[in-house]
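Student: I would like the atomic coordinates for the input below:
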Amino acid sequence: MIAFIGKRLLGLVATLLVASFLVFAVTEFSPGNVARKTLGPFAAQESVDLLYQKLHLNDSLPVRYVRWLGVLTGVIADPLQDPALKLDFKDPRGDRYFGNFGYSTLYKLPVNDVIWNRLGNTALLAGISFALIVPLSLIFGVLAGMREGSFLDRTISVFGIVATSIPEFASGVFLVAIFVVALRLLPGTSPLTTGGGGWSIASQFVLPVAVLVLYDSGYVVRMVRGSTAEVMNKPYIRTAVLKGLSFKTVVWRHAVRNAMIAPFTVILLQINFLISGVVVTEMVFAYPGFGRMLLEASLFGDIALIEAATLVALAVATTTQLLSDIGYALLNPQIRVA
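Tutor: Residues are numbered from 1 along each chain as shown. Down below sits the predicted model:
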């Protein structure tokens, strides 16, 4: 098992290195001068030329990538904080530390002062949603799968299809029309501040969480239902029933564990969606999250923030995949033996 985890960790590091190089290459070769994109459209040409020389942008792409990795890991000092450039880019952590993603031209702050705050907001929203999605999906999926073809199964299946087919912006507008406009029970935006309308922070989470739970649980319910129905038709389940075990014992002791092998990976992969794929929900409710920040950075052309956000999203995806592989091996003895 240790060797298995070690191989997966090496693969994770290799994936991040390859992905970081691709992200760096795409941002470097996107239209426009890198120095101009770093300083913004209104910077003086003299400053752009000076930064162009300071960053050695005439060097080859691999050399610039290694230099960028050096700044990121703290081996090389951040050239943007050189007093000779007179850019007034100051980072309280200094010009050389591990995890230095640079300076955000959109927010006029070091990237670390922007990205982790937004990521924390999205992680909070994702955590609440995930804590509701998983138990609800498991309960309804198992109930539908163990009674395949019944009225309950058809009802839950129709709900899953309808919930998944409705886009987030549509369900968000629909919920706002009911609970904000008509009933006036909840706030229409979620800025995570108590000023203005006087709504509590807790009330601001209700609608965004409801949208994510409705959209995501429908898909997971269908996956759990399909896996449970397949397991319920296995010979060992029929054998357990013929041996006189109660239906409840057969379901919870024999069917559920085996039925969770396939949906386990799917459930963990929802973390990727809840972290980097909720930009629509965050935009609808003006939520200061990670996805909204990435969209704003892309529209503005903030390459430092785009690179950092992309790498964080990739790190979350690869870490989730590692956890799913480990969990899959724990649930499936054949994987452990192999």
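Student: tell me how far the host helix or strand of Val209 lies from the chain's centre.
Tutor: Under the criterion of DSSP states H and E, Val209 resides in helix 201-232. Distance of helix 201-232 from the chain centroid (CA atoms, centre = their mean, to the nearest Å) equals 16 Å.
Student: who are the contact partners of Arg257?
Tutor: Arg257 makes contact with Leu331, according to CB atoms under 8 Å, 6 or more residues apart in numbering. All C-beta atoms are positioned from the backbone trio N, CA, C, and that covers glycine.
Student: the chain should start at 38 in everything you say after this.
Tutor: Taking 38 as the first residue, the last one we looked at is Arg294.
Student: give me the distance between it and Ile274.
Tutor: 12 Å (CB to CB, to the nearest Å).
Student: also Tyr252?
Tutor: Counting by CB to CB, the gap from Tyr252 to Ile274 is 32 Å.
Student: so between these two, which is more surrounded?
Tutor: Neighbours per residue (other CB atoms under 10 Å) separate Tyr252 from Ile274, with Tyr252 holding more: 24 against 18.
Student: just the strands from the stretch 138-287 of the chain, written as ranges.
Tutor: 140-141, 146-147 (DSSP state E, counting those that start in this stretch).
Student: of all these, which one is nearest Ser187?
Tutor: With CB to CB, the closest approach to Ser187 among these belongs to strand 140-141: 54.6 Å.
Student: elements contacting the closest one?
Tutor: strand 146-147, helix 148-182, helix 340-368 (3 or more CB pairs under 8 Å, 6 or more residues apart in numbering; DSSP states H and E).
Student: reformat those as a markdown table; add mean pLDDT and distance to Ala247.
Tutor: Formatted as a markdown table, the helices and strands packed on strand 140-141 follow (pLDDT from 0 to 100; distance: least, CB to CB, whole Å):
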| stretch | mean pLDDT | distance to Ala247 |
| --- | --- | --- |
| strand 146-147 | 91 | 32 |
| helix 148-182 | 93 | 9 |
| helix 340-368 | 85 | 23 |
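Student: dump the residue contacts of Ser264.
Tutor: Neighbours of Ser264 in contact, by CB under 8 Å, 6+ apart: Gly178, Gly182, Ala296, Met297, Ile298, Ala299, Pro300.
Student: now the third one: phi and psi?
Tutor: This points to Ala296. The phi/psi pair for Ala296 (degrees, to the nearest 10) reads phi -70, psi -20.
Student: how close does it get to Asn158?
Tutor: For Ala296 relative to Asn158 (CB to CB), the value is 35 Å.
Student: more neighbours: which of the two?
Tutor: Taking neighbours as other CB under 10 Å, Ala296 and Asn158 compare with Ala296 leading, 26 against 19.
Student: now Gly107, nearest residue through space, not along the chain?
Tutor: Once flanking residues are discounted, Gly107 sits nearest to Ile113: 3.5 Å by CB to CB, 6 or more residues apart in numbering.
Student: now, among the contacts of Ser264, which is nearest to Tyr134?
Tutor: Taking those together and measuring to Tyr134 by CB to CB, the closest member is Pro300, at 40.9 Å.
Student: could you pull up the residues touching the residue nearest to Val353 when sequence neighbours are not counted?
Tutor: Nearest in space to Val353, with sequence neighbours left out and distances taken as CB to CB, 6+ apart, is Ile312 at 5.1 Å. For Ile312, the contact set (CB under 8 Å, 6+ apart) comprises Leu156, Thr159, Ala160, Ala163, Phe327, Ala350, Val353.
Student: follow-up on the earlier one: so for Leu98, which of the strands of the stretch 138-287 of the chain sits nearest?
Tutor: strand 140-141 (21.6 Å).
Student: residues making contact with stretch 340-354?
Tutor: By CB under 8 Å, 6+ apart, stretch 340-354 touches 52-53, 56-57, 60-61, 64, 67, 71, 74-75, 138-144, 148, 151-152, 156, 308-309, 312-313, 327, 330-331, 334-335.
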